[in-house]
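Colleague: A predicted structure for the sequence below; I have some questions about it.
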Number of protein chains: 2
Amino acid sequence: MPTTQNCSHLSIKQLRQVCSSCNLSSLCLPVGLADEDLKRLDALITKRRVINKGETLFQIGDKFERLVAVRSGAFKTFVSDADGEQAIIGFHLPGELLGFDGITSGQYQVSAQAIETSSICEIPFNELLTFAAKMPSLQRQLLSIMSQKTMPDIAVRLNNSAEQRLASFLLGLSKRFKNCGYSESEFNLPMSREDIANYLGLAPETISRLLSHFQADGILEINRRHIVLHDFRRLQIIQCSDH
Amino acid sequence: MPTTQNCSHLSIKQLRQVCSSCNLSSLCLPVGLADEDLKRLDALITKRRVINKGETLFQIGDKFERLVAVRSGAFKTFVSDADGEQAIIGFHLPGELLGFDGITSGQYQVSAQAIETSSICEIPFNELLTFAAKMPSLQRQLLSIMSQKTMPDIAVRLNNSAEQRLASFLLGLSKRFKNCGYSESEFNLPMSREDIANYLGLAPETISRLLSHFQADGILEINRRHIVLHDFRRLQIIQCSDH
DNA sequence: TTGCTTTCCTGATCTAAATCAAAATACGGC
DNA sequence: GCCGTATTTTGATTTAGATCAGGAAAGCAA
């Protein structure tokens, strides 16, 4: 039962690029779906695209029609305040979904920009809902993903010091990289110091200084964007300790 | 088709207390539901309870089985850090839903406590899902509510000054009170200065001082918990203006 | 290569808000 | 009513992190 123009024309070759053969198939939507459900979901994913570094995926106010799954690369989402400065809302790594904020109003509430050259899957939302109504496991999965997004990031807890925020941020990134199959202790930061600072509500200079201190203390090694985490325990202590 | 023990025994009197006759019926879940759907939803709401000020509604780790709709009063949700200090995640006013954070793991991820004597409706989640699968409008409504919760509160934007945060917080409260039928310009703060400070990542003394300044500037009048907003325009300017 | 731009680092000063301290006011129990 | 406790206000001091400033390293185009 094809519900889009494309579905009925998907070749075997195209199908190989969708969920059931995706190396992130344990993430995104398919988690916990039965094989037969997964195959039906595959038919929904009409388009896979590459977005170059710096390119905009969607902007505030754009019509919301689809969710986006990150296959590789990374995105940031942000709003722009009065004087054009952007306030970064979040970063999005492989296996994660973007665009949920558009559901209520039918328009995206944030802008999304690739911070690395990235590849994505687009998922038509209305058709996804139609499927979800027939697939209890998918319905629950959708709600589950959104429920996770309602929990605030402890890295941006207001009461936390700069040290605590950065430690939380690094541990969070590490966990997410591990989650999508990369090393948890060695990776490239997809974002600039300035973007980290913006996200954490700190000055870029503060990020630089703290990274230098962490390195001097042997907690991690950092060179440009390349980071190696040595002492998780110590990061966790910093994350929790007051002031 | 009663799916709970109670449904089949609901008296007319009890039914008067549920959604279709609730003075908040335009909020919570029923928004946009057709009359017949609404009647079926009513059958789900098995229990209405009163929670006294200071009482705990649920705690982190409690088994998640139901969502909670606030009918009157107010709640705070929070997590407790290492040394027992609580970090307030949010406040919940009449017409708003709590508990979504429990979906993924089946356990609440925050604790919820009444900050005023409150009355609530409890909604069994699994049965709600069963209904949602049959009611596309309810399914969408659920996702829509959750999507709104994924947008961070600008009051707690890290880059914002204390003034900006408090102005945003007051405007946000005002909007929410208006939304559930109360005055937007005159209301009682349901929470203490300390709780406001905690939520906004500031010291209670800072809240006190700022409220005094706002009052001295004629922006508002405040006496204990009772507040009258006089100059919305000026609050909006403060909310936006940098530093 | 050279020059230009962007990103990042490090030090010196400054400031918004925390902390410390103490008084004033409101509230709950008896 | 009264007293004891908790909350709020106001002032004085301190400090974490911002801002200002200059330089070093990396990336990129011609």
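Modeller: That came in fine, so what should we check first? Residues are numbered from 1 along each chain as shown, chains lettered A, B, ... in the order given.

Colleague: how is chain A divided into domains?
Modeller: Domain assignment for chain A by automatic domain parsing gives A:7-150, A:154-240.

Colleague: as JSON lines, those with distance to DNA strand C, mean pLDDT and mean neighbour count would be great.
Modeller: C-beta coordinates here come from the backbone N, C-alpha and C atoms, glycine included. As requested, those are arranged in JSON lines below (distance: least, C-beta to the nearest atom of the strand, whole Å; pLDDT from 0 to 100; neighbours: other C-beta atoms under 10 Å in any protein chain shown):
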{"stretch": "domain A:7-150", "distance to DNA strand C": "9", "mean pLDDT": "83", "mean neighbour count": "18"}
{"stretch": "domain A:154-240", "distance to DNA strand C": "3", "mean pLDDT": "94", "mean neighbour count": "17"}
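
Colleague: out of these, the one nearest chain B is which?
Modeller: Closest approach to chain B among those (C-beta to the nearest C-beta): domain A:154-240, 2.2 Å.

Colleague: does that closest one come close to DNA strand D?
Modeller: Yes: judged by C-beta under 7 Å from any atom of the strand, domain A:154-240 comes into contact with DNA strand D at A:161, A:162, A:163, A:201, A:202, A:203, A:205, A:206, A:224.

Colleague: mind putting those in a markdown table, secondary structure included?
Modeller: Output for the residues of domain A:154-240 next to DNA strand D, formatted as a markdown table (DSSP: H, G, I helix; E, B strand; the rest coil):
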| residue | secondary structure |
| --- | --- |
| A:161 | coil |
| A:162 | helix |
| A:163 | helix |
| A:201 | coil |
| A:202 | coil |
| A:203 | coil |
| A:205 | helix |
| A:206 | helix |
| A:224 | coil |
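
Colleague: show me how far whichever strand or helix holds residue A:233 is from its chain's centre.
Modeller: Assessed by DSSP states H and E, residue A:233 sits inside helix A:232-240. Remark: helix A:232-240 is offset 23 Å from the chain centroid, using C-alpha atoms, centre = their mean, to the nearest Å.

Colleague: about what we covered before: may I see the domains of chain A organised as JSON lines, with distance to residue B:240 added?
Modeller: Output for those, formatted as JSON lines (distance: least, C-beta to C-beta, whole Å):
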{"stretch": "domain A:7-150", "distance to residue B:240": "5"}
{"stretch": "domain A:154-240", "distance to residue B:240": "17"}
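
Colleague: closest to residue B:149 out of those domains?
Modeller: Nearest to residue B:149, of all the domains of chain A, is domain A:7-150, at 4.3 Å by C-beta to C-beta.

Colleague: now do the strands in chain A.
Modeller: A:47-51, A:56-58, A:66-72, A:75-80, A:86-92, A:97-98, A:111-114, A:118-124, A:186-188, A:220-223, A:226-229 (DSSP state E).

Colleague: what bridges to the residue nearest the centre of chain A?
Modeller: Closest to where the C-alpha atoms of chain A average out (C-alpha atoms, centre = their mean) is residue A:92, at 2.0 Å. Taking DSSP bridges, one obtains residue A:75 as the residues bridged to residue A:92.

Colleague: what sits against residue A:72?
Modeller: By C-beta atoms under 8 Å, 6 or more residues apart in numbering or on different chains, residue A:72 lies in contact with A:94, A:118, A:119.

Colleague: interface residues of chain A facing chain B?
Modeller: A:81-83, A:85, A:87, A:89, A:100-104, A:109, A:129, A:132-134, A:136, A:139-140, A:142-144, A:146-152, A:156-159, A:198, A:200-202, A:240-242 (C-beta under 8 Å from any C-beta of the partner chain).

Colleague: that older thread, ok, now which ones touch the residue nearest to the centre of chain A?
Modeller: So residue A:92 contacts A:70, A:74, A:75, A:76, A:77, A:98, A:112 (C-beta under 8 Å, 6+ apart).

Colleague: could you dump those residues into TSV and include distance to DNA strand D?
Modeller: Output for the contacts of residue A:92, formatted as TSV (distance: C-beta to the nearest atom of the strand, whole Å):
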residue	distance to DNA strand D
A:70	22
A:74	16
A:75	19
A:76	18
A:77	21
A:98	25
A:112	22
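
Colleague: ok, now how distant is the residue lying closest to residue A:165 once chain neighbours are set aside from residue B:208?
Modeller: Nearest residue to residue A:165, sequence neighbours excluded (C-beta to C-beta, 6 or more residues apart in numbering or on different chains): residue A:200, at 4.6 Å. Separation of residue A:200 from residue B:208 (C-beta to C-beta, to the nearest Å) stands at 28 Å.

Colleague: same check on residue A:158?
Modeller: Going from residue A:158 to residue B:208 by C-beta to C-beta gives 18 Å.

Colleague: on that earlier part again, what's the closest of the domains of chain A to residue B:62?
Modeller: Proximity to residue B:62, assessed across the domains of chain A by C-beta to C-beta, is greatest for domain A:7-150 (15.4 Å).
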